Structures are given as C-alpha cells and as structure tokens.
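>>> turn this into a model:
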Amino acid sequence: MDKYIVGSMLRSLREKKKLTQLKLAEAINVSDKAISKWENGHGYPDISLIEPLANALGVSVIELFAGQDITNTNRSFNMLKLRFYVCPICGNIIAGAGEAVISCCGITLPALEAETADAAHRLKIERVEDEYYVTVPHEMSKTHYISFIAAVHDDGYEIKKLYPQSDAEARFKISGTNRFYFYCNRHGLFKA
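Coordinates of the predicted model:
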C-alpha cells in the first residue's frame, strides 16, 4: 500500500466535524498548509500525529487507516448481518453483527465471505435430545483442519473452537438455531 491515509478521507472527516483546515491544524499543532498537503495527497502526516489526528476528527486510528468512511447503518443487532473475521497470524476468531473495521496482530482483517458447503466441506447435523450434534467429515491434520463451527440463533451465536488432530464436532442447543458456519483453514468459511 503506497498510502497509509487517504487525503479525500481526511477532508471528508474534517468537513463532517465542521472544522476548517486552520482549526484542525491548531488542534494537532501543525500548519494549515500541512493539512492542505495531506488532503491533496502531496504528503502524509508523521506517524506521531496519527493518534492526535484521529482524536481531533472523532474517529479511531483504525478507521483513519481504513481509507474510507465507515458509518454504522446497522442500528440494531441483526443476526443476518453476522460477519466472521479470522486472524491469519494468531488464529483469533472475531464475530461482528454488521460491517466493522477489525484489526488483530497489527493488520486489518477482511470479513470472510461464506460459501455454500460443497462435497469436500459438508456439515452433518444430528438431533440428540435438545441439542444438535454437528460434525464435519474433514481432515484434521496440523496443516489442514476445521478451525471452528458456529451456530447462529435468533438472538445470538455460539462458536466452538476446534483444534488439529481432534475431531471436527460440536454440540449446540436447538432452541432458535437457524444457521451453521464452519471454517477450513485452507479453503475459508462455509455455511449450512
């Protein structure tokens, strides 16, 4: 990436806060000419100014680095907008109920796009009393495995973390469960 902050984003955020270039410059102790250069793409703020700049603009550092305006239009918790994020460095699993900028281990994570389960990646669901017993007949070696299985309910979700060399299986309460997701470390996210 040749830019770490997009000038048009800076201008948009500044205008939303109803700040002039001079007022923003005064807030972070730089000249208004510096703000103008940044907004026009003729320079970039020093890394030491990133946090004060984000604070002055009323956004997080991650939002500033995203390079686009992120507005939460999801004003209520909607399970249909559930997104999963997996850190390729530490394996951390993060779920969010809508669009978000998620960062882990110093990198911004993209939302995973779920594919429909295929022949190599399929879910077997059995009803056992008041639970679903879910299995994925899949290799579970140290290099190729199912990392997690998630059950989405009407009012929330459950994630069961799986580990290599164990079975790809989990149990979930039946009540309100309407969707399942599972993640293959090589082939990505699948839904069932």
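>>> hey, let's count contacts and neighbours off CA atoms from now on
Will do.
>>> and this structure, what are its domains?
7-66, 79-191 (automatic domain parsing).
>>> using PDB, list the CA coordinates for the helix or strand encompassing Phe65.
Element membership for Phe65 (DSSP states H and E) is helix 61-66. Listed next in PDB are the C-alpha coordinates belonging to helix 61-66 (Å, rounded to 0.1, in the frame of the first residue of the first chain):
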ATOM      1  CA  VAL A  61      -6.900   5.200  14.400                       C
ATOM      2  CA  ILE A  62      -8.200   2.000  12.600                       C
ATOM      3  CA  GLU A  63     -11.000   4.000  10.900                       C
ATOM      4  CA  LEU A  64      -8.500   6.600   9.800                       C
ATOM      5  CA  PHE A  65      -6.200   3.900   8.300                       C
ATOM      6  CA  ALA A  66      -9.200   2.200   6.600                       C
END
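>>> that helix - contacts with which helices or strands?
Judged by 3 or more CA pairs under 8 Å, 6 or more residues apart in numbering; DSSP states H and E, the packing partners of helix 61-66 are helix 50-57.
>>> contacts for the helix it packs on, please.
Identification of contacts with helix 50-57 by CA atoms under 8 Å, 6 or more residues apart in numbering yields Leu13, Arg14, Lys17, Leu24, Ala27, Ile28, Ser60, Val61, Leu64.
>>> ok, now with 6 Å
With CA atoms under 6 Å, 6 or more residues apart in numbering as the test, helix 50-57 has contacts from Ser60, Val61.
>>> repeat for stretch 139-159
160-162, 164-165, 176-185.
>>> which residues touch the nearest residue to Lys191 once chain neighbours are set aside?
The spatially closest residue to Lys191, leaving aside those adjacent along the chain, is Tyr181, at 4.4 Å (CA to CA, 6 or more residues apart in numbering). Tyr181 is in contact with Ile149, Ala150, Phe190, Lys191, counting by CA under 6 Å, 6+ apart.
>>> could you pull out the strands for this protein?
82-86, 93-97, 102-104, 107-109, 115-116, 124-128, 131-135, 146-153, 156-161, 169-173, 177-184, 188-191 (DSSP state E).
>>> now the contacts of stretch 139-159: which count as buried?
With neighbours counted using 16 or more other CA atoms under 10 Å, these contain these buried positions: Lys160, Lys161, Leu162, Thr177, Phe180, Tyr181, Phe182, Tyr183, Cys184, Asn185.
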